[in-house]
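Colleague: Need a 3D model of the sequence below.
(one chain, ligands or ions: 2)
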Amino acid sequence: MLLDVRDLSKSYGDTQVFSALSFTIAAGETVAVVGPSGCGKSTLLNCLGGLDRPTGGSVQLDGRDLTTLNDDELAALRASAIGFVFQDHHLLPQLSALENVLLPTLALAKKLDEAQVRAAARELLAKVGLTGKEDRRPAQLSGGERQRVALARALINKPKLILADEPTGALDVANATAVADVLLALNRDTGTALVAVTHSPALAARMSRQIDFAQGVSA
Ligand SMILES: Nc1ncnc2c1ncn2[C@@H]1O[C@H](COP(=O)(O)OP(=O)(O)O)[C@@H](O)[C@H]1O
Ligand SMILES: [Mg+2]
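Modeller: Ligands and ions are numbered 1, 2, ... in the order given. Model prediction:
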């Protein structure tokens, strides 16, 4: 199992967001996390990715329990094993598309060969359909193109898992479909598992499984 979630719970003070969540996700799988606003989807995703700490239970990624790691160990694991995509692209405005894609490589413990990693970034930008736009800054790209840069950035460190929080939520229908196409093509090509929070029934239907908060979350 790539991800093994057991009895996971999260509270903020007296407010319980979720409790006793247990599910597993296999390598390469695609899972949609669905449910009404405020039900805890982002909180769950953040706990799966080590961006937030659950109040109970465990999250094993590739056999390592995230809840036992200290902040430095967690940061190192995040950098090497997990790619994040948010609703907002979160690109740095002063950097080119290529430089934005390269950013996560700076967080890796291992120093990479500069020429090789730049070639890999160009290849990823080609895969998301942005050949010729590598040197543009985010302001010189459309919303859909910016989100495709964010997808390339999420994959540059060859993660085993992509966690995407409403990756198409800020896009119009045509761009949302294009970004979903790229996301699922990347999953097929690279074998990277994908867990995506989405309000889009069209995207959820294209994933292999759904975790539905409205159904009491059993998966
Ligand atoms: N840092 C926080 N402190 C306190 N409450 C929070 C915090 N983050 C989220 N919450 C609460 O947790 C619940 C779930 O939020 P969230 O995971 O963002 O929901 P969703 O992504 O499904 O819309 C909400 O009631 C929200 O107000
Ligand atoms: Mg959310």
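Colleague: Go through stretch 172-187 and flag the buried ones.
Modeller: Applying a neighbour-count criterion of 16 or more other Cβ atoms under 10 Å, one finds Asn175, Ala176, Thr177, Ala178, Val179, Ala180, Val182, Leu183, Leu184, Leu186, Asn187 buried in stretch 172-187. C-beta coordinates here come from the backbone N, C-alpha and C atoms, glycine included.
Colleague: in a helix, that's where the fifth one is, yeah?
Modeller: Just to be clear, that refers to Val179. Yes. Using DSSP: H, G, I helix; E, B strand; the rest coil, the assignment for Val179 is a helix.
Colleague: Tell me which residues touch it, please.
Modeller: Residues in contact with Val179 (Cβ atoms under 8 Å, 6 or more residues apart in numbering) are Gly144, Gln147, Arg148, Leu151, Pro167, Thr168, Leu171.
Colleague: Which two of those residues have the greatest separation?
Modeller: Leu151 and Leu171 (12.2 Å; Cβ to Cβ).
Colleague: secondary structure element for the spatially closest residue to Arg64 that is not a sequence neighbour?
Modeller: Excluding the flanking residues, the one nearest Arg64 by Cβ to Cβ, 6 or more residues apart in numbering is Leu77, at 6.8 Å. Using DSSP states H and E, Leu77 sits in helix 71-81.
Colleague: before we move on, what about Ala196?
Modeller: Element membership for Ala196, per DSSP H and E: strand 193-197.
Colleague: Averaged pLDDT, that strand. What do you get?
Modeller: The average pLDDT within strand 193-197 is 97.
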